[in-house]
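Student: Need coordinates for the below:
(one chain, ligands or ions: 2)
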Amino acid sequence: MLKEFINGLKDIIYPKVCISCKISLKNIASMDEIICNECWNKIQRNLPPFCYKCGRHLDAVMETICNNCLKNTLYFDRAFSPCVYEGIIKELIHEFKYKNKDYLGYTLSKLMIEFIKNYNLPMNDIDLIIPIPLHKTRLREREFNQAKILGFWIAKEFNKTMSEQILLRNRYTKTQTELEYQKRNLNVKDSFLVRQKDIIKNKNLLLVDDVLTTGATTSWAAYALKNSGANMIFVLTLAS
Ligand SMILES: [Zn+2]
Ligand SMILES: [Zn+2]
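Tutor: Numbering: from 1, shown residues only. Ligands and ions are numbered 1, 2, ... in the order given. Purely as a prediction, here's the structure:
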């Protein structure tokens, strides 16, 4: 309550500025009075051709899958990301995730929604949206699950149901950035728990998260869900 009050005061004392370049947004076009249009347009969009697995841009048109995906087993069917994880979007995700700026979720979700529409992702085939969960200890540190906020706005836009009761994190794992790839992979294996299995039986799911790096987290989440009877698993993250 007090925190909300103080945040409210800040808005009055400090006029709104672009979250990235800090230019005053008073007389310029912006996205939701959060980021100026110039910075918004500078966010590096992920462009086709996309890897058939992780969804990253492929350099060679003849290829269908990238080298990383050839090497590593990923248990989801396909992943997609509207942005390349660098520059402005990286800063924005950091602000969203670690600086308690939950309101950024609404604006950031627009990148995902735009991508779904531009590339005609098969939303009609999706039965349920599931955000990648945080362990409850981590949730207490951060106060909110950023994946849930993104999932909420996507579900709202496409008239889908989102459930955070099905996939749970049963183990507290170290922050991914602290670990190298091999360790990351082992770190998240078996860290997911699936409840209400009857709901996802033979269903196509869309997993939502903020970033896809090695894909280990979403892959093990997909593994747990498939083992519990889910059919196709798609992944949508803001950036990869
Ligand atoms: Zn700006
Ligand atoms: Zn790939």
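
Student: okay, and the helix or strand of this protein with the least pLDDT?
Tutor: Ranked by mean pLDDT, DSSP states H and E, the weakest helix or strand in the chain is helix 2-13, scoring a mean of 66.

Student: Name the next helix or strand downstream of that helix, please.
Tutor: strand 30-31 (DSSP states H and E).

Student: That following strand close to ligand 1?
Tutor: No: using Cβ under 5 Å from the ion, strand 30-31 never reaches ligand 1; the gap is at least 7.9 Å. C-beta coordinates here come from the backbone N, C-alpha and C atoms, glycine included.

Student: and residue 187, what element?
Tutor: Here residue 187 sits within helix 181-188, counting by DSSP H and E.

Student: go on, residue 130?
Tutor: Judged by DSSP H and E, residue 130 forms part of strand 128-131.

Student: helices and strands around that strand, which ones?
Tutor: helix 146-158, strand 205-211 (3 or more Cβ pairs under 8 Å, 6 or more residues apart in numbering; DSSP states H and E).

Student: tilt between the shortest one and helix 146-158?
Tutor: With axes from the mean of the first three to the mean of the last three Cα atoms, to 10 degrees as the criterion, the two stretches strand 205-211 and helix 146-158 enclose an angle of 130 degrees.

Student: average pLDDT for the helix or strand following strand 205-211?
Tutor: Using DSSP H and E, the helix or strand that directly follows strand 205-211 along the chain is helix 216-227. What helix 216-227 shows for mean pLDDT is 95.

Student: Off-centre distance for helix 216-227?
Tutor: Distance, stretch centre to chain centre, for helix 216-227: 15 Å (Cα atoms, centre = their mean, to the nearest Å).

Student: same question, stretch 32-39
Tutor: Taking mean C-alpha positions (Cα atoms, centre = their mean), stretch 32-39 and its chain are 20 Å apart.

Student: end-to-end on it?
Tutor: End-to-end distance of stretch 32-39 (Cα to Cα, to the nearest Å): 13 Å.

Student: who does the helix or strand just after the helix holding residue 187 pair up with?
Tutor: Proceeding N to C from helix 181-188, the next assigned helix or strand is strand 192-194, under DSSP H and E. Strand pairing for strand 192-194, determined by DSSP bridges: strand 167-169 (antiparallel).

Student: got the residues of this structure near ligand 2?
Tutor: 51, 53-54, 66, 69.

Student: Selecting buried members of these in PyMOL, what would you type?
Tutor: To isolate the buried ones among the residues of the chain next to ligand 2 in PyMOL, judged by 16 or more other Cβ atoms under 10 Å, type:
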select buried, resi 51+53+54+66+69
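
Student: Counting only helices, which of the residues of the chain next to ligand 2 make the cut?
Tutor: residue 69 (DSSP state H).

Student: residue contacts, residue 25?
Tutor: The neighbourhood of residue 25, defined by Cβ atoms under 8 Å, 6 or more residues apart in numbering, consists of 15-18, 33, 36.
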